[in-house]
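In: Got a predicted structure plus its sequence, pasted below:
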Amino acid sequence: MSKNARINGFSKMTKDQKIDWLISTYFAGSEDSKKVLTSFWLENANDQKSIDNFSENVLSNYILPFSVAPNFLIDGEVFTVPMVIEESSVVAAASSAAKFWMSRGGIRTEIIQTKKVGHVNFTWNGTLQMLEGKKSEIFTYLQENTQCLTENMVKRGGGILDLKFVDLTDQVTNAFQLVGQFETCDSMGANFINTILEQFAKDLIQLINIDAIYGVEYSELEIVMSILSNYTPECLVRASVSCSIAELGDPINGQDADKLARKFKTAVDIARADVYRATTHNKGIFNGIDAVVLATGNDFRAIEACGHAYAARDGQYRSLSFCSLDDDKFTFTLEIPLAVGTIGGLTSLHPLAKCALQILGNPSSSQLMSIIAATGLAQNFAAVKSLVTTGIQKGHMRMHLQNIIQQIGVDENKIELVKAYFENKTISFSAVRTYVDSII
Ligand code: MEV
């Protein structure tokens, strides 16, 4: 670590000054290192400026592959799904699962609910019964005072759906919550919800502390924080695929459809029973989910946090997907909360997010929930199918070989030779290097 790494006023420096400081502090003034940072700037200065404005202290752009997975038949419509992800086998796996299900009726989805939630957390020396006793007076006041903030959302079909008080005093001294439930239509709604919650907080102070509706003895309510919750179990979508067991077909490694269906279900059941497997299984689902969430300019941290909390909703972390075999029918389902938006935020500011949404036909947020869930399901299907048949390394290693070939800089006209040589051999960097050296 550099001894001169402390700096004051960094955020006030120009972008060039920041880069120069960084290069002299961490790269011994190397011009080549400076070029690494500046070479990823966009040519169009206005576009670059808009990216710079997304965050603080932006020095460059961090490139990730923007791919598409075609042939997703979702609720009778074919989508080409944009995916931003660096893991080499993910898009290929999603595409192959999408194609597999396209000829078996496609993926069906169901939006269960689209409610979002937020809390004003406060401490108070009163009781829940007292709050309940005046709740209609309080809620009417809160609704009236936020009308100017909600009217546009109400015109779009959304707004405040419900308000209630929750008592946390058995766990946290004097702690209560005002819980708001919201419909935010096509926007993710974070700003809308947080703005309303902060207004609610001011209004509670007005009623309880200033107007003293419970008397002066109870006029010292303290607001702790007002914030939406990223746990949105009531913003839920279900995606599923089904076919006759015989149609699972494609005997891989000599496996018949019955055996594939049975092993597949057992693998999913294991992920429901065991947290170690559940974590990896769900990671596979998020390979697909995060990639679409990121491509469409949505908040993948929120989606992940919520998905994992939902996976643990009965007290044990479990698989988000489940499989059933009824008579001769194979059904595979993913149920996941997805609070996403298709207007506002990065969705309209990031040129590639806009492009991704256009590729999807500018969906509503509910349609986007369906597309994202379908991609997660397809990804999960592909991973589990590989695991119970060929093993995961076969597909992974094919993509890994491509990366090694690129890293080594194999001659264009030798690439097919290298690929053919490693078709049935164990792939490692050194094995590829040795082989490439031997054919020069
Ligand atoms: C790798 O990124 C994802 C998998 O491990 C998922 C799984 O095991 O189900 C293949």
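Out: Noted; the coordinates are in hand.

In: Within range of the ligand, give me the residues from this structure.
Out: Within the chain, the positions near the ligand by C-beta under 6 Å from any ligand atom are Glu87, Thr280, His281, Lys283, Gly284, Asn287, Ala383, Val384, Leu387, Ile392. All C-beta spots, glycine's among them, are computed from the backbone N, C-alpha and C.

In: List the residues that contact the second one.
Out: Neighbour list for Thr280: Ala271 [criterion: C-beta atoms under 8 Å, 6 or more residues apart in numbering].

In: circling back: export the residues of the chain next to the ligand as a markdown table, with columns for pLDDT and secondary structure.
Out: Listed next are the residues of the chain next to the ligand as a markdown table, based on pLDDT from 0 to 100; DSSP: H, G, I helix; E, B strand; the rest coil:
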| residue | pLDDT | secondary structure |
| --- | --- | --- |
| Glu87 | 93 | coil |
| Thr280 | 98 | helix |
| His281 | 98 | helix |
| Lys283 | 98 | helix |
| Gly284 | 98 | helix |
| Asn287 | 98 | helix |
| Ala383 | 97 | helix |
| Val384 | 97 | helix |
| Leu387 | 96 | helix |
| Ile392 | 78 | coil |
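
In: Drop the exposed ones from those and show what's left.
Out: Among the residues of the chain next to the ligand, those classed as buried by neighbour count (16 or more other C-beta atoms under 10 Å) are His281, Gly284, Asn287, Ala383, Val384, Leu387, Ile392.

In: can you tell me which of those lies nearest to the ligand?
Out: Gly284 (2.7 Å; C-beta to the nearest ligand atom).

In: Which residue, other than its chain neighbours, is closest to the closest one?
Out: Distances taken as C-beta to C-beta, 6 or more residues apart in numbering put Ala383 closest to Gly284, at 4.0 Å, once the chain neighbours are dropped.

In: where's the one you found relative to Ile392, distance?
Out: Going from Ala383 to Ile392 by C-beta to C-beta, to the nearest Å gives 7 Å.

In: hey, where'd the strands end up in this structure?
Out: Assignment of strands within the chain using DSSP state E yields the ranges 66-74, 77-84, 108-114, 116-123, 159-167, 175-183, 222-228, 235-244, 321-326, 329-337.

In: which non-adjacent residue is nearest the residue of the stretch 1-150 of the chain found nearest the ligand?
Out: Nearest residue of the stretch 1-150 of the chain to the ligand: Glu87, at 5.6 Å (C-beta to the nearest ligand atom). Among residues not flanking Glu87 along the chain, Asn287 sits closest, at 6.3 Å (C-beta to C-beta, 6+ apart).

In: you'd agree that neighbour is up against Ala378?
Out: No - the criterion here is C-beta atoms under 8 Å, and Asn287 misses it with Ala378 at 10.4 Å.

In: Could I get the CA-only coordinates of stretch 158-171 as PDB?
Out: Extracted as PDB, the C-alpha positions of stretch 158-171 are listed here (Å, rounded to 0.1, in the frame of the first residue of the first chain):
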ATOM      1  CA  GLY A 158     -50.700   3.600  -8.200                       C
ATOM      2  CA  GLY A 159     -50.100   5.300  -4.900                       C
ATOM      3  CA  ILE A 160     -50.500   4.500  -1.200                       C
ATOM      4  CA  LEU A 161     -52.300   1.200  -0.800                       C
ATOM      5  CA  ASP A 162     -52.300   0.700   3.000                       C
ATOM      6  CA  LEU A 163     -51.000   2.000   6.200                       C
ATOM      7  CA  LYS A 164     -50.600   0.300   9.600                       C
ATOM      8  CA  PHE A 165     -48.700   0.500  12.800                       C
ATOM      9  CA  VAL A 166     -46.400  -2.300  14.100                       C
ATOM     10  CA  ASP A 167     -45.200  -2.800  17.600                       C
ATOM     11  CA  LEU A 168     -41.500  -3.800  18.000                       C
ATOM     12  CA  THR A 169     -41.200  -2.900  21.700                       C
ATOM     13  CA  ASP A 170     -40.800  -6.500  22.800                       C
ATOM     14  CA  GLN A 171     -37.500  -6.600  20.900                       C
END
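
In: rewinding a little: please tabulate the strands of the chain in TSV, including the columns mean pLDDT.
Out: Shown next, in TSV, are these (pLDDT from 0 to 100):
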stretch	mean pLDDT
strand 66-74	98
strand 77-84	98
strand 108-114	98
strand 116-123	98
strand 159-167	98
strand 175-183	98
strand 222-228	98
strand 235-244	98
strand 321-326	97
strand 329-337	98
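
In: Quick one: those as TSV, columns for mean neighbour count too.
Out: Formatted as TSV, the entries for the strands of the chain read as follows, by neighbours: other C-beta atoms under 10 Å:
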stretch	mean neighbour count
strand 66-74	20
strand 77-84	20
strand 108-114	17
strand 116-123	22
strand 159-167	16
strand 175-183	20
strand 222-228	17
strand 235-244	21
strand 321-326	17
strand 329-337	21
